[in-house]
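Asker: Sharing a sequence plus its predicted fold:
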Amino acid sequence: MRKKILAALLIMAAAINLTACGSGTGFSEDDLVLKGPEDIVVDKDYAVIAYEDTAYFMGLVDDDYEEYEGDYATSRGLELGGQLEDYKKLYGVKNGYAVWELFSGDNNEYTSFDAYSNQSAGEMYDEANNVWLDLGWCKEGGKWRAMTDVEVRDTWFCDADYDDFDEIVFLSVNLDEMDEVIGLAIYHVTYDEAWADYQAWE
């Protein structure tokens, strides 16, 4: 009887761990690695943006810049050419914790956000030229937690108080009108004046 109870507890623990890995709250340091011909670790105050055949690695507070050839994927296996459904399953994308980043204007000079509520990327192209779906995590007390859609928006636009956040990671996934992944970006941010200067919204 004791063995059966122990076995049941182990199965439950394994299920919980798998769920955490696939959810927005299950962020780990592995999520700061972009996998490819040469793995790219996104340290604090750096970002990487990957499109087909090339990944662009850049500093957020200095002029560091490097290009990597090849195709890249997230550490959880989200690949260029994948689908929105893959993103949702791997990262537990859900209402209240994901936000659409929408680019509009003749030269995509305008950026706005819309709360994610199970829309397809195709629906969002009705109001934008280019569409990304963003998640965010912030570190509090040495632990990562998922950010709400409002928190992602406010820290991206630098409207939130600097005292409210310290270290943030944004995962942005560029999707085409057919819900295909065409770009991946990871931003590892110290939320302060330097980040605001980099964003340069004013």
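Answerer: Nice, thanks for sending it over.
Asker: For stretch 185-198, C-alpha coordinates in CSV please.
Answerer: Provided in CSV are the C-alpha atoms of stretch 185-198 (Å, rounded to 0.1, in the frame of the first residue of the first chain):
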residue,chain,number,x,y,z
ALA,A,185,13.3,37.7,-29.8
ILE,A,186,14.5,37.6,-26.2
TYR,A,187,15.2,40.8,-24.2
HIS,A,188,17.0,40.5,-20.9
VAL,A,189,16.4,43.9,-19.3
THR,A,190,17.5,45.9,-16.2
TYR,A,191,14.4,48.0,-15.8
ASP,A,192,15.9,51.5,-15.3
GLU,A,193,16.7,54.7,-17.1
ALA,A,194,19.1,53.0,-19.5
TRP,A,195,16.3,50.7,-20.7
ALA,A,196,14.1,53.8,-21.2
ASP,A,197,16.9,55.5,-23.2
TYR,A,198,17.2,52.4,-25.4
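Asker: which secondary element of the protein has the worst mean pLDDT?
Answerer: Here the helix or strand of the chain ranked lowest by mean pLDDT, DSSP states H and E is helix 2-21, holding a mean of 37.
Asker: what's the next secondary structure element after it?
Answerer: Sequence-wise, the next helix or strand downstream of helix 2-21 (DSSP states H and E) is strand 33-35.
Asker: Give the residue spans of this structure that score low on pLDDT.
Answerer: For the chain, residues meeting the criterion pLDDT under 70 lie at 1-25, 202.
Asker: Nearest residue to the one residue sitting closest to the centre of the chain in space, please, no chain neighbours.
Answerer: Nearest residue to the geometric centre of the chain (C-alpha atoms, centre = their mean): residue 171, 1.1 Å. In this structure, residue 171 finds its nearest non-sequential neighbour in residue 135, 4.7 Å apart by C-beta to C-beta, 6 or more residues apart in numbering. Every C-beta, even on glycine, is put in place using the N, C-alpha and C of the backbone.
Asker: List the buried residues of the helix or strand that neighbour falls within.
Answerer: Assigned by DSSP H and E, residue 135 belongs to strand 130-140. In terms of neighbour count (16 or more other C-beta atoms under 10 Å), strand 130-140 has its buried residues at 130, 131, 132, 133, 134, 135, 136, 137, 138.
Asker: That concludes my questions; thank you for your assistance.
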